[in-house]
Structures are given as structure tokens and as C-alpha cells.
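J.: could you work out the structure for the sequence below:
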Amino acid sequence: MEQQESEVPPLPPRFRFRDLLLGDQSFQNDDRVQVEFYVNENTFKERLKLFFIKNQRSSLRIRVFNFSLKLLTCLLYIIRVATDNPGQGLNFFCVYLFFCFWFAQVIVAIISFLETMLLMYLSYKGNIWEQIFQVSFLLEMINTVPFIITIFWPSIRNIFIPVFLNCWLAKCALENMINDVHRAIQRTNSAMFNQVLILICTLLCLVFTGTCGIQHLERAGKNLSLFNSFYFCIVTFSTVGFGDVTPRIWPSQLLVVIMICVALVVLPLQFEELMYLWMERQKSGGNYSRHRAQTEKHVVLCVSALKIDLLMDFLNEFYAHPRLQDYYVVILCPSEMDLQVRRVLQIPLWSQRVIYLQGSVLKDQDLLRAKMDDAEACFILSSRNEVDRMAADHQTILRAWAVKDFAPNCPLYVQILKPENKFHVKFADHVVCEEEFKYAMLALNCVCPATSTLVTLLVHTSRGREGQQSPEQWQRMYGCCSGNEVYHIRLCDSKFFGEYNGKSFTYASFHAHKKYGVCLIGIKREDNKSILLNPGPRHIMAATDTCYYINITKEENSAFIFNQEERKGRPARGNYDGPSQLPVHSIIASMGTVAMDLQNTSPPDLSGGKLVPPTINGTGGRRPSIAPVQEIADSSSILPCDLLSDQSEDDSVFIDEKGHSPTEYVKGYPPNSPYIGSSPTLCHLLAEKAPFCCLRLDQGCRHNSFEDAKAYGFKNKLIIVSAETAGNGLYNFIVPLRAYYRPRKELNPIVLLLDNPPDNHFLEAICCFPMVYYMAGTIDNLDSLLQCGIIYADNLVVVDKESTMSAEEDYMADAKTIVNVQTMFRLFPSLSIITELTHPSNMRFMQFRAKDCYSLALSKLEKVRQILSNRDKGSNLAFMFRLPFAAGRVFSISMLDTLLYQSFVKDYMILIARLLLGLDTTPGSGYLCAMKVTEEDLWISTYGRLFQKLCSSSAEIPIGIYRTESHIFTTSESQVSVSVDDCEDTKDKGDESRSNDQSDHPLLRKKSMQWARRLSKKSVRWQGASRDSSKDHAQRIAQQRLNLYRRSEREELSELVRNRMRHLGLPTSGYDEQNDHQNTLSYVLINPSPDTRLELNDIVNSSGPFSA
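T.: Coordinates of the predicted model:
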């Protein structure tokens, strides 16, 4: 029985959860009880407190009503004073008051008194005296109780009551009302507005109180009107003090003193609070106006720390485009604005267009301040100066995720540092991975000289006016060609390419260059998103194709002036035989094709190359002609493409020149990628992976006993890469140098000189590539450089080290790298050293010659260019005329920041740069390589004929020239070597030798003569003093001194290297053969004019024919 009572009865069949919520009238006998829950106590006091204080909306209504009552009392007082007759009462305590005024004042006083007592009751917290002695309560009693007393005591109705003091109560009511408004609309950043409102109200109350008080007290004196009192207060508070209106009796004078003292105490405190809030707001940047965001266009720049160089690079490149002049730039940065950035943003050019906001991208509130949801784009840049670059990437990833979560429709432009983190931001519209671009660019610098300079100039905005005032011919040519950029246009809308609809790509490229001076480098089909660089004659141009070309300016900004032959309708000549009278146009690096192969009946001549002149009836009497470029390639001459075959090679087995064991090469895709997201590239690979022990260059193993680069007997020169660690980005250095379009016989061995040994994961990724080795060592250790084979290398690539990127002084981060490279520059003068720097401004210290007048002149030109670029809006590459940069010997990854900025206007720039550098490979797209102009090739004569020759023979598209010229650098330190006999001859024939040898500075020669004579005199005196005891020994010492003196700095350095090589057991023959090539200058010409003369040793960036 007890068990049955304890059981819970089951729910009725129709009893559902909906019935619990809505109720079911069919069950009237249920024992359910309705319970009401209250947020506050269900008492009368709590409900009044909820209505008058806690509830925001009802409290706001009460405060608006209270504020209106106080303003009404002040208005009644002004009306009473305006209608007052001073003759009816000339004392301080009695005024004449009409009955209607008295009645209105009494009604207002009763309401205010009751409201005050009610609020005092509701806000009581146990201390009644604290509430009684509040200033607002005392003012309320002064202005209400006397009117209530006059109800019961009519004889004192004309008593003076200072009702004007209600202005202070109105000020308090207004402040409370504004606070309630901000609470109701959830506005949290209203401190600045509140403080400004308080200050204005305080000033108004002081002026109003002083005006009414002085007017009333002067009733017994000068009888000032209300306006005269107001005029006196304004003049007094503004510290002008004309003196035409002054109080005459002591009570009014005392009131003025009191008011001035109150103002001196109250106003400074409020001004201080206002200035503090203003300074804090200046640090945080305030907000970007919602109205401006809806009516104007803006972009948001998100950075961890804003440096002046980064800011100026972004602003100069962003606003270089005419259609972006009306855009606003909102900078969102968590750190406080530094002094340099603050000064720049105060310049009128930027102050009206750039807004700095201090805040975090991870906070929705800060993103709302920047109006991210209305932005046209968001640029997220990484902090590359961080020692832990992986942590910097993690911060960038979180910022990208936060922006994508807050504003999904906002285009994202993300800069990432490590390639392994790229797939985390794959959703972004445009992504630039620094290490990918950096290593690929440094690798191509070894096979295509000055690739870094070429790409840097292409992605920077310039007008091509740089260097035009220079007396140097190379600076004028180089500066003019630097203005070329990449543009795009649809074929059907183009004047340049519209007439080539239905023609082959190669035909259109050559004739567009011949006629208009533009270089067509790529194409994109309407039905295909991929851009093809030089697809070759297989590609037939269609009206819907998008053409990508290099030129000084885009076609829309060009004016077409036809010559008389074209106006008469004469057909253009097929051969490009003579120089054209075209302006300076654009073309740089030659873009090869992988889409075709023109069958050649004769085997290639390796000595003369592809530019060998054709024989004309067995004689060479006249200049050979060049075959015309065909409109449509002959189908019989185009073989089907087979990427896995290579007819240019006799076999797939490589045997070194010393007859070591043969190595079999195959073409394929690397089996192991070190990171997710790397683009697959067809490469030359080993048939079998090399063991890890065989990858160590300086240590033998059971497979071979080689311990230095000389023992391997490499046929080609080495490429040495010095890096701190074997990061995943280093994989992108190897891939372009082992790509399938590089001939096997031209593959250069790659040696990785690493500060820290690589891990097995990296070795697993590189063990499939032929002739790739590593060694532990540093560039500041001469033994490590000699062991890795630096005397057998053509190129040494010095990668910026992460551990040196953070320094106490920012620009000192490159100090160690610069000094080490300068040492190698002296020790190995014939070596081409390619250096990466953190700061581009440090380029001026590369290959530094302290006494070189020519370098000093270039430094002066750089400073002049900085002034002209600010005035004429030219290129912001102030260092572009520095010899190391022009020659492609120095590079800074920060120069590629503009690649991301330009993508906002040219959304194809990143993809074209990746195709140029070999980071992406598209079927049918070309590649970048180079060829050297030899004596046998000079018959071509001009660049225009070269363009025709390449297009007609191998369908290559040249896009530039790398030129090297001999140059005498005055006062070169390597030439300071003077003997005693030469000095004596110089004494007699100083003027003649000075005119014949321009490299010998007179001051240096004078010092050398003094040193030589001093040595000679010392030796003679020493011989006379010891003639009897040790004459032979003294002569030997003197001769040694003279020999040391005669030896130049070059000889001392050479002897140092030879000694270390002998100590390591290395032969010195390779070092003895080195020549000093320091007295040359090199530069790249982007799109030179077609009549530019070819010179010996010019390197044309081009591509070999695709082997089918």
C-alpha cells in the first residue's frame, strides 16, 4: 500500500509540453499552481524605484520633465526682470511680482519639491545627512521652500528668491538625461561628448548666474539692464575688460570676485579632464563616421605595429592610381601611434584621407569603429621584424579569421610569412607569401640576372621620368625603362591588339611591339580563369581574350599618331630591318613558351646559339635577313607536347667530367612537399632518392668519400645559399632551378650553407633532386666558405636571418649581414653575391667604397630623387639607381609589399608574378630564362630585330635586357699600391701621371710618397748604425718591409685565402684563376626601344623552345 502511494501517477495521454506552456482547459482538476517570478522585490518602494531610477526609458522621461521645469523657472525669472520697474523697490530683498508669475512659480516649486523628496526617499541608503548636504538638494530647497511658504504668508510674496540658481539644477538634470540616453541606446564611447557637454553647461551657468546676480544687486546702484550685465560678464570672463560697464556697489563687486574664483577653480579642472579625454581619443583614433562610410569609399589597413616605411610605401603606391584619389584609408593598429607616424599624418596631403584607429582586429567593437562591413577592402600585413615569424603568422591568421567572421563580403588582401601557414588563409581573395616569392626570386637571380630588380620595377608605379636629368646615358635609359608596368585590356576593345583577331599569339606580340612598342606577354580565355604567359603560336587570338602587356602606360591613356605611310594605307613591311622612330616603349625578360615547338631541320649549334645568322649563298656580303613571323603556325611544324620527354638531351644519364658513377635523371613531380599548398611543378628528379648521408657535402659516407666541392668534379658552377635554418620556403629556391624546362646539361649544383643542421623532414623533401647538398657553417667563417666550394661558385645567395631582424635600432638589423657580405666582396671579387636585406634603405652600404666619387654622386642623386618624387609624384624607389640594386645584387622582401597593394586595382598581378617566378605552372604557359649575346649574335644589331628573330625561330617573347658595362671607379682601394721607385718617378712626373691615371687620387699619392721616403730613411739610418755588427740582417729586414709595403690589399687578401686553403688541404688553382670584375656596372632595361643597339655580353631574358 505504501509502495503504491509513493509511485508518481503517469501523465495523461494528451498531456504534452505544449500544454505546459499554453495551458489545456480540458484538465480542470490538475493540481498545478501558477508561480510568478519577479526580477525586483514586489514592494511599493521597489516598484517606484524601478519606475523613477532603474528603468531607463521611464527614468529618461522623468529627467526630461525635470529639465523642462528648471528651464521654465529660469525663463520666468528673465521675464520677471524684463517687466520689473526699479522704482517700485530699491533694495536687495524686495521685488515686484505679478500674481500670474507668482502662481506659476509656486506650482513649479511644489512639483519640484515633491519630486525631490520622493527621489531622496527612494535613494536613501542609511545616511540621511549625506543626502541633505548635497549641493543639488540645498539648491532645490532654496528655490522651492520660500515659494511654498508664501502660500501661507501672503505678505512676503514680493520677497526676492534667487530662482536663476535653477540653471545649475538644469545642468545636473541634462547630464543625467544624456547618461540615460546613452544607456538606452547602448552607447559606450560617449565620455568625450559628455565632458564637452559638461564644460559648455558650466560656462553657460557661470555666465547666467553672474548676469542675473549682478543685475539684481545693481538695482541699488547703477540699475544695469540684463543685457548690460550679460555684456559685462562676457567681457570679464574673456579677460578683455574694456571697463565701460562696471559694478558700482560692493555687493555686486563681491559677487564678481566670487564668480571669478569659482571659475578659476571649476573650469581648469574640467578643461584638464577634457584634454585628458582628447589625448586618449587621439591615441585610440576615435571612430570612422557611419555617414562617411555610407557616402565615401574606404579601405582598412590592419597591422601589428605601424612603421613609417611601411606606411609611406602603402600610401604612395595606393594613391598612385588616379581612381583611388577619393578613397579613405583607415588604419587599425593595436599599438599607439609613434611620433614619426603622427607627424606624417599631420601633413595636409594625408591628414584629410588617412584615419588612425588604435584597436584590435579581434574585437568586434573595434571593427565596428573602422566600419569594416562597409569597407571596399581590408589589407592584413604581417610583422616581418618579429624574431618568431611563426607567431607573427598566427596573429595574421587570427586577424583574417576575425575580419571574415565580422564582414564576410569584405575583400581580403593577406600577407603571410611562412608558406606552411598559407592554407589557413586560403579563403582570402589575394594572398602573398613572403618566403615563397623571396626564395623563388633569389633562385631566378642566379639563372636570369636581375630578376628581383625586374619584378620590383614592374610592381611599382612610376612615370618613367627618373634619371632623365642625369649626364649618364645608362641612368637615362634605365630610369625611362623603369616606368613600364603590366596592364590588361580585352582584345575587342583594344587598338593595340584588335587587328590581330584570328592570328597567332606570337604574330600579335611581335607586330604589336613593332607598331606600338608594347610587349604582349600573356593571354586569358573568357571561359578559363588561368592566365597563360606566352602560349605560343598554337594559341589563336579571339575577340573575347584578355590581353596582358607591358608598357609605359595603359592603352586608355595613350594617343595614337600614325605616320604618313599608314595614313595612305600602305601595307607594313614583313621584316623588321631598320630601326623605328618609336618613343621609348616597354619590354624586359624574355618569356618562353611551353605550348609549342617549331621543328628545326638542322641540329642546334651550341656555340652560336639560336641566334646564329643564316648563310646567304655561302657569303656574308650583306646583313642577313630574318624570317617573317607567321600569322598562323604551320601545323606540320608543331609536334604534340610531351612534358616527360626531352629531345634536347642525348640521354637521361648524367656522367660527371671525372668519370664518376652515372646518375639517372627523370622528369616528374616531387614526391614529397614540405608544406601544404605548394603548387606541383614538373622537375628533373633522381630515379632513386639519394640517402641522407650523401646530401652532406663536407663529409664522406659509405656511398662516396667526397669531402669538398672540388672532389665532386662538378661540370657547372655552384650556387651557394647561406641561410640560418632549412625552412620550408627554401624548397621554393630549389624547384625553379630544377624545373623541367631547364636543360639537364645546364643544371647548377646547389649547396645549402646552413647555420643549423636541417631536420629529416626537409631532407626527405630535397633528396629526390639532383645535385642538391647541404653543409653546416656560416658565411663569417672562411673555412666554411672554402669547404662548400665558394671558389667554384658563380653565385652566392645570402638570405636574411630571422634572429637578426629584431634590433634595438631598427635599421641595425642588417649590420651583420652587410659586414659579412662586404668581407666576401673583398675576398672573392669575381663572385656574384645576391643579398637579402631587411630594410631597403641599407642598400647604400652594399659593396661600399668610402672613397669612390662615383658612389658619392649616386648618393647625391638619390637624395635629389627623394625631393623630386615627393614633388612630381614619381617612383618612391629612391634607391633604384644604386648599383647593387640596378644589377640585381641586393633585394628586400619589403619591396614586394606593393604587389599586394597593386592587386586592389590589378587583381591579376599576383598570378602573373607567380607565373614569372615559376611558383605556379599552368599547362600551355611559358617560363622565364635567359640567353647571352655573343660576338656571333651581334649581326642582329638591334633589339627590334632580336624580337623578330626570336618570334620567328623559337616563338619566344623577349621582355628585357640585362646589360653590363665597364666603368672606372675613381680612388678604388684595390689600386692603392705604390712602390718607392714609383713614388720617386711620380715626384718628377706628377702632372703627367695624374693625367694618365685617373684612378690615383693626389692626396693618396702624396701620403704614399711620404711613407715610402720615411721607410727608406729609416732603413738607411739603421744600416749606418749597425754596419759593423749585423749589416746583412738589417738589409733583410728592410727588404721585408719594402716588400710588405709594395704588396697591395688585394694581394694580402689573396694570400690569406691561399693559406687557409692549404691548411684545409684544398688546391689553390681555382682561386688563382679568379679575376677582379668590380669595375663594372650592370642594369636592367625593361622594354627598351626597338632601335636599341645590342652590345656584347648583353643578357636577354628569354626562354628556350619547348621540347616535344
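J.: tell me the centre residue of the protein?
T.: Most central in the chain under Cα atoms, centre = their mean is residue 897, positioned 4.0 Å from the mean C-alpha point.
J.: mind telling me what element that one is part of?
T.: Following DSSP states H and E, one finds residue 897 within helix 897-902.
J.: ok, then the element right after that helix?
T.: Per DSSP H and E, helix 897-902 leads on to helix 909-917 as the next helix or strand towards the C-terminus.
J.: can I get that following helix as CSV, trimmed to CA atoms?
T.: Listed next in CSV are the C-alpha coordinates belonging to helix 909-917 (Å, rounded to 0.1, in the frame of the first residue of the first chain):
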residue,chain,number,x,y,z
MET,A,909,49.3,41.0,-60.6
ILE,A,910,49.9,38.3,-58.0
LEU,A,911,49.1,35.5,-60.5
ILE,A,912,51.4,37.0,-63.2
ALA,A,913,54.2,37.4,-60.7
ARG,A,914,53.8,33.7,-59.6
LEU,A,915,54.0,32.6,-63.2
LEU,A,916,57.0,34.7,-63.9
LEU,A,917,58.9,33.3,-60.9
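J.: which residues sit against that helix?
T.: Contacting residues not belonging to helix 909-917 are listed as 430-432, 437, 440-441, 444, 451, 455, 459, 486, 522, 531, 533, 548, 589, 591, 679, 736, 899-900, 902-903, 920-922, 925-926, 928 [Cβ atoms under 8 Å, 6 or more residues apart in numbering]. Where C-beta positions appear, they are placed from N, C-alpha and C, glycine not excepted.
J.: return the set of buried residues in stretch 932-950.
T.: Under the neighbour-count criterion of 16 or more other Cβ atoms under 10 Å, stretch 932-950 has 933, 937, 939-950 buried.
J.: from these, pick the one nearest residue 845.
T.: Residue 845 lies nearest to residue 933 out of those, by Cβ to Cβ, at 32.4 Å.
J.: mind listing what the residue nearest to the centre of the chain touches?
T.: Applying Cβ under 8 Å, 6+ apart, we find residue 897 in contact with 310, 313-314, 317, 381, 415.
J.: possible to save those residues as JSON lines with secondary structure, pLDDT and distance to residue 148?
T.: Shown next, in JSON lines, are the contacts of residue 897 (DSSP: H, G, I helix; E, B strand; the rest coil; pLDDT from 0 to 100; distance: Cβ to Cβ, whole Å):
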{"residue": "310", "secondary structure": "helix", "pLDDT": "87", "distance to residue 148": "70"}
{"residue": "313", "secondary structure": "helix", "pLDDT": "87", "distance to residue 148": "74"}
{"residue": "314", "secondary structure": "helix", "pLDDT": "90", "distance to residue 148": "69"}
{"residue": "317", "secondary structure": "helix", "pLDDT": "87", "distance to residue 148": "74"}
{"residue": "381", "secondary structure": "coil", "pLDDT": "92", "distance to residue 148": "70"}
{"residue": "415", "secondary structure": "strand", "pLDDT": "93", "distance to residue 148": "74"}
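J.: biggest separation within those, which pair?
T.: Longest distance between any two of these is 13.7 Å, between 317 and 415; criterion Cβ to Cβ.
J.: so, low pLDDT: which residues of the stretch 751-900 of the chain?
T.: Along the stretch 751-900 of the chain, segments meeting pLDDT under 70 span 803-809, 850-852, 854-876.
J.: cutoff 50 now
T.: 869-872 (pLDDT under 50).
J.: and the helices in it, which stretches?
T.: Applying DSSP state H, counting those that start in this stretch to the stretch 751-900 of the chain gives helices spanning 760-766, 782-787, 815-827, 853-872, 883-886, 897-902.
J.: remind me, longest helix of the protein?
T.: helix 250-284 (DSSP state H).
J.: and it, what's buried?
T.: Quick answer for helix 250-284 (16+ other Cβ under 10 Å): 251-252, 255-256, 259, 263, 270, 277, 284.
J.: packing partners for the helix or strand just after it?
T.: Following helix 250-284 in sequence order, the next helix or strand is helix 290-295 (DSSP H and E). Packed against helix 290-295 by the contact rule (3 or more Cβ pairs under 8 Å, 6 or more residues apart in numbering; DSSP states H and E) you find no helix or strand.
J.: quick check: buried residues in helix 290-295?
T.: Neighbour-count burial for helix 290-295, counted by 16+ other Cβ under 10 Å, picks out residue 293.
J.: hang on, the earlier thing: just how off-centre is the helix holding residue 897 within its chain?
T.: Its chain's average C-alpha position is 7 Å from that of helix 897-902, according to Cα atoms, centre = their mean, to the nearest Å.
J.: C-alpha coordinates for it, CSV please?
T.: The C-alpha trace of helix 897-902 is given here as CSV (Å, rounded to 0.1, in the frame of the first residue of the first chain):
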residue,chain,number,x,y,z
ASP,A,897,54.6,44.8,-50.4
THR,A,898,53.4,46.9,-53.4
LEU,A,899,52.5,43.6,-55.1
LEU,A,900,49.7,43.2,-52.6
TYR,A,901,48.7,46.9,-52.8
GLN,A,902,48.6,46.8,-56.6
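J.: now residue 967: closest residue in space, sequence neighbours ignored.
T.: Excluding its sequence neighbours, the residue lying closest to residue 967 (Cβ to Cβ, 6 or more residues apart in numbering) is residue 1081, at 4.7 Å.
J.: and the one you found, what helix or strand is that in?
T.: Taking DSSP H and E as the definition, one finds residue 1081 inside strand 1080-1086.
J.: show me what counts as buried in that strand.
T.: 1081-1086.
J.: could you do stretch 366-381 as well?
T.: Neighbour-count burial for stretch 366-381 flags 366-372, 374-375, 377-381 (criterion: 16+ other Cβ under 10 Å).
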